[in-house]
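In: Here is a sequence with its predicted model. Questions after.
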Amino acid sequence: MPISLHRLRAPLLVVVAAVSLSGCIGLGGKTPPFLLSLDADAAPTAGGARTAAEAATLTILIPTAPQKLRTTRIPVQQDGSSVTYVKDAQWVEAPSRLFQRLVSETVSARTSRVVLDEGQYLTAPGEQLAGQLMEFGVDAATNEVVVVYQAMLVSAGGKTVTQRRFEAREAIGGKVESKPVGEALTRAANKVAVEVTGWIGG
């Protein structure tokens, strides 16, 4: 049977606060003027229909994420032990869910696979793409955004598991602010999604 995967859910946090990896997160502040989202460079054609046997489907799961990414804020890694968050920057929903949706749209657009969300399959999810979104924020040392995804492809029936790590970086090109950081993360996430699609094939 397929490998059971457990993911932690987190409440939405709507403030910007500096935190230590070993410290507590402060609450308070104001709602940002706008919310950020991820847009796929490629999207499935409307009205297209696909058919696949149960074992030939691909179910893309929401990746797990470390504590610093289990919020709607964008982390800035200052050094090896401290993290701050981009001022007035907030995703419309958790970045792991946004990334999962972007990968699903990219795979659907670039392959002939029948792609399912984890909430859509009943008893036979076919192949499963799981993994961990390890980095999805700003590297202060290089003034770049970085996306790191440790992917795990589980065969139908859970008999084999293949892992691969994907990473993309994009220059912010200015100050660490909400709009340029969001745009750079979208570019980096799309690069990773395209690489994942090529790895999956089909």
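Out: Sure thing, it's come through.
In: Ranking helices and strands of the protein by mean pLDDT, which lands last?
Out: Taking mean pLDDT, DSSP states H and E as the measure, the chain has strand 19-20 as its least confident helix or strand, at a mean of 34.
In: and the next element down the chain from that strand?
Out: Proceeding N to C from strand 19-20, the next assigned helix or strand is strand 58-60, under DSSP states H and E.
In: Just give me how far that next one sits from the chain centre.
Out: 14 Å (CA atoms, centre = their mean, to the nearest Å).
In: Who does it pair with, and is each partner parallel or antiparallel?
Out: Strand 58-60 has the following sheet partners, assigned by DSSP bridges: strand 115-117 (parallel), strand 127-139 (parallel).
In: Quick one: mean pLDDT over it.
Out: For strand 58-60, the mean per-residue pLDDT is 92.
In: Please apply the same query to stretch 189-198.
Out: On average, stretch 189-198 scores 97.
In: What residues does residue 172 make contact with?
Out: With contact taken as CB atoms under 8 Å, 6 or more residues apart in numbering, residue 172 is in contact with 138, 143-145, 180-181, 184. For every residue, glycine as well, the C-beta is placed using N, CA and C.
In: let's go with 10 Å and repeat that
Out: By CB atoms under 10 Å, 6 or more residues apart in numbering, the residues touching residue 172 are 138-139, 142-145, 180-181, 183-185.
In: Filter those down to the buried ones, ChimeraX style.
Out: The following ChimeraX line selects those of those that are buried, judged by 16 or more other CB atoms under 10 Å:
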select :138,139,144,145,180,181,183,184,185
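In: Output the longest helix belonging to this protein.
Out: Ranked by residue count and defined by DSSP state H, the top helix of the chain is helix 178-200.
In: Quick check: pLDDT value at residue 94.
Out: 96.
In: actually residue 118, not the one I typed
Out: 74.
In: Likewise for residue 81?
Out: Looking at residue 81, the pLDDT reads 81.
In: Run a quick neighbour tally on it.
Out: 9 (other CB atoms under 10 Å).
In: again with residue 112
Out: With other CB under 10 Å as criterion, residue 112 counts 9.
In: Same check on residue 105?
Out: Around residue 105 there are 21 residues (other CB under 10 Å).
In: Tell me how far residue 164 lies from residue 86.
Out: Using CB to CB, to the nearest Å, residue 164 is found at 29 Å from residue 86.
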